[in-house]
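# Coordinates for the following, if possible.
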Amino acid sequence: MKGRRRIILLFIVLMITVWSASAQDSLRRKRVAVVLSGGGARGMAHIGVLKVIERAGIPIDIITGTSMGSIIGGLYAIGYDAHRLDSMVKMQDWGFLLSDKADVRNRSLDDRRKQNTYFLLRTFHWGNKKSAVESGGLITGKNLSALFDRLTVGYHDSIDFNRLPIPFACVATNIIDNTEYDFHSGVLAQAMRSSMAIPAVFSPVRKGNMILVDGGLRNNYPADLAREMGADIIIGVTVQSLPKSSDDLKTSAGIVSQIIEVNCKNKYEENLAITDVAIRVNPQGYSAANFGSTAIDTLINRGEAEAMKHWDELMALKKIIGIGDDFTPARPVLHPKVLRKEEQTIDSRLVKTTENTQELGLGVRFDTEEMVALQINGAYRPRNSKMDFEATLRLGKRIMARIDGSFNPFGMNRTRLSYIYRHNDINQYNRGKREFNVAYNQHSLDFNALDFNVRNFNVAIGARWDFYDFREVLIGVHSNVGIDRLNNEHYFTYYADVNYNSENKWIFASRGAKFSAGFAYYSDKFTTYQNHSGFTMIKAMWRISLPLNSHLTFQPMAYGRLLFGADIPYSQRNMIGGIWFNHYVDHQMPFVGTGQIERTDNMFIALQLQLQQRIMDNNYILLGAVGAQRADKIREILRHGPLIGTQISYFYNSMFGPLGASLGYSTTSHKPYFYINLGFEF
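Predicted coordinates for the structure are as follows:
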């Protein structure tokens, strides 16, 4: 406690010293303001410009900004220098920050799976506390707000921004009457959040009777605001695109971008006219939404390079300001709470909420086999309750409806009861030729007695009842499958599953490992199957991601499924095909180079080797090969030659999931296979 008091006392003394020196210095010279324009990701260029201003030894007495300029400016005003800002923006996961996804790094595998199934996830709370940020946008911006709260520790109270280490102001737009609202006081994090609230994208911020959105709509470059605050000299930074001609506007994206640019021109020319040194960074090739690591690095470098072109102007400006060439201004000191390590992380552990919570998820995908599919998920958690309720609906060629009720008494362990309905219409192939088509309904009642979760690890033990209602079987003319109909059947299954996943990403992992194993015993009369012992299943999968360099990853994976027993029914036999586990049916395994479901023997083991090359930020090329052995008896598994499959794929990792295509060939089908996938897998 004494140590903390000493740190705070030292901070106060330093602040008084810096403020006194700054105050005395500013009495002898002209006051300098830095103005930072809006521009989304393009605003990262401001950091590069600030580096040069610091290098030139020019004091900053006032800072104003709009949108991204308000974020960079607000943080700079409380002591984040340019190099600290550079490191901070580069270490962020901007895809996560610009979404409403939960931070699931310390949460269950189910939660992580959900984050990578639904491109849109919204959480609603009902309680006594009314939030300033409500509905009204595709994204509420809760993750950005959490980041701002973390970075502005020590400035969470409503304060006068003129009393910050560097006086600061930012601009928002009140859409009630389309007027400019200038933040000179308030909660700093809320002011920054208001200034960057892009209409319809981010939810607006409500302040009294005002609804505040992005300030760029009224004043995207607030040099006039700096002048009103007493600036004698203005150094301005803009990141607007070069003027476009009609020949440049040939795409919908280009037209939308031009509409935004035109609407952000209000007061722009007038404010440029009162700027002493205008540093115009050319953002060509990058949009306001380019938050990839390569884009951020390039934009910061462009800002620094453009500012260096004005070096002579900046040095000449020092004489006008009234300081010598060797002058070094005092820099603000960060609040000690910001420097404390424990304040730098956000606790994302599961905690019991004091509000009723509802979560809604929406997933949409397209592929060349099932065309369009839609999945909707809703979860409800009553206030102060240990119960969770969840419902899921999938529409498309395959239909699924699921209802879950969970009891969570101890935090890491829960008990769950689920009902699942599936309607499948499946073509089954053998050596590339369709054997038959089967349409059926499946009803499942699953009692998960033990569902133990701790970060990357999950253990599930339970029992399940399944009923298969086979509606229609169409046999191919040249099929030798040996069946003309399938009888309805039911099973009682007792299972135990173990799952582990330490991969750094759910999709396109570059390091970490993934492991799963399961055992199941099947019966139709609780303990026996067709008047003899039931049959058993053992399955396992292990994959490790080994980074060969910063862009290339080697991923070996071994997997298999073994069935033991007599009279194993069609519905539980091994199936292979596609690039995912359990995509078409519960017991299907992937096999690159093969698209359709291919039946295989009771014993199946495989080894897959894959190279994953990342290009720039979100583009991936995957080259994979798999070899497999199969047999109906374990002692015969090496008797036949291996099945071989190869595949090359390209994917773009978007907010909607992987977008791309695969081309492959395998000895199971003996023909090329082409597959397009747009969206998360479900």
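# going forward, measure contacts between C-alpha atoms and count neighbours the same way
Will do.
# quick one: the residue lying farthest from the centre of the chain and Y584, what's the gap?
Computed with CA atoms, centre = their mean, the residue of the chain farthest from its C-alpha average is N531, at 51.4 Å. Going from N531 to Y584 by CA to CA, to the nearest Å gives 31 Å.
# go on, Q284?
Q284 is 44 Å from Y584, where distance means CA to CA.
# Please state the offset of the biggest strand by length in the chain from the chain centre?
Secondary structure of the chain per DSSP state E: the longest strand is strand 433-454. Averaging C-alpha positions (CA atoms, centre = their mean, to the nearest Å) puts strand 433-454 29 Å from its chain's average.
# For the stretch 201-350 of the chain, which segments are assigned as strands?
Secondary structure of the stretch 201-350 of the chain (DSSP state E, counting those that start in this stretch): strands at 205-207, 210-214, 233-238, 277-280.
# Nearest to G95 among the ones you listed would be which one?
Distance to G95, taken as CA to CA, is lowest for strand 210-214 among those, at 19.9 Å.
# which other residues reach that closest one?
66-67, 171-176, 194-199, 204-206 (CA atoms under 8 Å, 6 or more residues apart in numbering).
# Quick check on those: which are buried?
66-67, 171-175, 194-199, 204-206 (16 or more other CA atoms under 10 Å).
# Among the residues you listed, which are located in helices?
Of those, the ones assigned to helices by DSSP state H are S194, S195.
# can you name the two of the buried ones among the contacts of strand 210-214 that are farthest apart?
T66 and R206 (17.7 Å).
# helix/strand/coil for the residue most central in space within the chain?
When CA atoms, centre = their mean is applied to the chain, the residue found nearest the centroid is F96 (3.8 Å). Of the three states, F96 takes helix under DSSP: H, G, I helix; E, B strand; the rest coil.
# Now do the contacts for it.
Contacts of F96 (CA under 8 Å, 6+ apart): N143.
# make it 6 Å
Contacts for F96 (CA atoms under 6 Å, 6 or more residues apart in numbering) come out as none.
# picking up where we left off before, identify the neighbouring strands of whatever helix or strand comes next after the longest strand of the chain in the sheet and state each direction.
With elements assigned by DSSP states H and E, the helix or strand that comes after strand 433-454 is strand 457-475. If you go by DSSP bridges, strand 457-475 pairs up with strand 433-454 (antiparallel), strand 489-501 (antiparallel).
# And those strands: which comes nearest E313?
The nearest among the strands paired with strand 457-475, by CA to CA, is strand 489-501 at 55.3 Å.
# who's in contact with that closest one?
456-468, 513-524, 526.
# gap between the nearest residue to L486 once chain neighbours are set aside and N488?
Nearest residue to L486, sequence neighbours excluded (CA to CA, 6 or more residues apart in numbering): F470, at 6.4 Å. Using CA to CA, F470 is found at 6 Å from N488.
# buried set for the helix or strand harbouring Q358?
According to DSSP H and E, Q358 maps onto strand 356-367. Using 16+ other CA under 10 Å as the test for burial, strand 356-367 gives T357, Q358, L360, G361, L362, G363, V364, R365, F366, D367.
# where does this protein have low pLDDT?
1-27, 103-106, 125-137, 242-264, 337-356, 411, 476-485 (pLDDT under 70).
# Now do the domain split for it, please.
What the TED database lists as the domains of the chain is 27-100+139-323, 357-679.
# In JSON lines: the ones you listed, plus distance to P332.
Listed next are the domains of the chain as JSON lines, based on distance: least, CA to CA, whole Å:
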{"stretch": "domain 27-100+139-323", "distance to P332": "5"}
{"stretch": "domain 357-679", "distance to P332": "34"}
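# Deepest-packed of those domains, please.
domain 27-100+139-323 (a mean of 20; mean count of other CA atoms under 10 Å).
# which residues are contacting the strand holding Q358?
118-126, 372-383, 676-679.
# switch to 8 Å and redo it
117-127, 372-383, 656, 675-681.
# Heading C-terminal from it, find the next helix or strand.
strand 371-381.
# Remind me what that following strand packs against, helices and strands.
With contacts taken as 3 or more CA pairs under 8 Å, 6 or more residues apart in numbering; DSSP states H and E, strand 371-381 sits against strand 356-367, strand 387-395.
# Out of the ones you listed, flag the one nearest V35.
strand 356-367 (40.1 Å).
# Tell me the strands beside that closest one, with direction?
strand 120-126 (antiparallel), strand 371-381 (antiparallel), strand 672-678 (antiparallel).
# rewinding a little: adding distance to F291, write the strands paired with strand 457-475 out as TSV.
Output for those, formatted as TSV (distance: least, CA to CA, whole Å):
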stretch	distance to F291
strand 433-454	32
strand 489-501	27
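# Specify the stretch among those strands that is closest to P222.
Per CA to CA, nearest to P222 of the strands paired with strand 457-475: strand 489-501, 48.5 Å.
# which residues are in contact with the helix or strand following the closest one?
Moving toward the C-terminus from strand 489-501, the next helix or strand (DSSP H and E) is strand 512-523. The contact list for strand 512-523 (CA under 8 Å, 6+ apart) reads 491-504, 529, 533-546.
# Can you show me the CA trace of strand 512-523 as CSV?
These are the backbone C-alpha positions of strand 512-523, laid out as CSV (Å, rounded to 0.1, in the frame of the first residue of the first chain):
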residue,chain,number,x,y,z
GLY,A,512,0.0,-24.8,-31.0
ALA,A,513,-1.5,-28.3,-31.0
LYS,A,514,-4.9,-30.0,-31.2
PHE,A,515,-5.9,-33.4,-29.9
SER,A,516,-9.2,-35.3,-29.5
ALA,A,517,-10.0,-38.9,-28.6
GLY,A,518,-13.2,-40.7,-27.9
PHE,A,519,-14.7,-44.0,-26.9
ALA,A,520,-18.3,-45.2,-27.4
TYR,A,521,-20.3,-48.3,-26.8
TYR,A,522,-23.4,-48.8,-28.9
SER,A,523,-26.5,-51.0,-28.0
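# Between strand 457-475 and it, find me the angle.
Angle, strand 512-523 to strand 457-475, by axes from the mean of the first three to the mean of the last three CA atoms, to 10 degrees: 60 degrees.
# Who is the spatially closest residue to F492 that is not a sequence neighbour paired with across the strands?
In this structure, F492 finds its nearest non-sequential neighbour in W465, 4.7 Å apart by CA to CA, 6+ apart. With DSSP bridges as the criterion, W465 is bridged to L445, F492.
# Name all residues that make contact with W465.
S444, L445, D446, H490, Y491, F492, T493.
# any idea how far the closest residue to the last one other than its chain neighbours lies from M537?
Yep, that's T493 we're talking about. Computed as CA to CA, 6+ apart, the closest residue to T493 that is not its neighbour in sequence is Y522, at 4.6 Å. Distance, Y522 to M537, using CA to CA: 8 Å.
# Same question for R573.
10 Å.
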